[in-house]
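**Student:** Build me a model:
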Amino acid sequence: MVKMVFCYGIGLLLLHKRWPECKKPGKFDFFFHSNQLFYFGIVVGALCFEKGIKIMWLRNISLLEKSGDVCDFSDL
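**Tutor:** I've put the predicted structure just below:
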């Protein structure tokens with residue numbers, strides 16, 4: 001969760017400050033524009049969120065298996 005917020009925050013900060021195009025106007029028109037860096041931060045943050053959800057889910061399943069409270073769906 002912290003990694004996700006960090007990636008979102010860095011992307012938002014780059015977009016707000018218009019970095020790097022404010023340093024060298026015209027050089028970053030097509031590649032490494034602040035909007036592209038913002039969306040890169042959003043995608044990386046979303047991937048961190050997905051990985052965190054998977055880890056929490058696997059931990060929950062392993063704890064349930066150890067306690068014997070696993071649902072058996074064969075009787076449905």
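**Student:** only C-alpha atoms for contact and neighbour calcs from this point on.
**Tutor:** Will do.
**Student:** which helices and strands does the lengthiest helix in the chain pack with?
**Tutor:** Ordering each helix of the chain by length in residues (DSSP state H) puts helix 34-67 first. In terms of contacts (3 or more C-alpha pairs under 8 Å, 6 or more residues apart in numbering; DSSP states H and E), helix 34-67 is packed against helix 2-17.
**Student:** okay, now F31: neighbour count?
**Tutor:** 10 (other C-alpha atoms under 10 Å).
**Student:** so how far is A46 from it?
**Tutor:** 22 Å (C-alpha to C-alpha, to the nearest Å).
**Student:** C22 too?
**Tutor:** For C22 relative to A46 (C-alpha to C-alpha), the value is 27 Å.
**Student:** From the neighbour counts alone, determine which of those two ranks first.
**Tutor:** The neighbour count for C22 versus A46, taken as other C-alpha under 10 Å, is higher for A46 (18 against 12).
**Student:** pLDDT value on C48, please?
**Tutor:** For C48, the model assigns a pLDDT of 91.
**Student:** ugh, wrong one, I meant E65
**Tutor:** 70.
**Student:** And G45, by the same measure?
**Tutor:** 92.
**Student:** ok, and the closest non-adjacent residue to it?
**Tutor:** M4 (4.1 Å; C-alpha to C-alpha, 6 or more residues apart in numbering).
**Student:** who are the neighbours in contact with the one you found?
**Tutor:** V44, G45, A46, C48, F49 (C-alpha atoms under 8 Å, 6 or more residues apart in numbering).
**Student:** Could you export those residues as a markdown table, including distance to L12?
**Tutor:** Formatted as a markdown table, the contacts of M4 follow (distance: C-alpha to C-alpha, whole Å):
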| residue | distance to L12 |
| --- | --- |
| V44 | 13 |
| G45 | 12 |
| A46 | 14 |
| C48 | 16 |
| F49 | 17 |
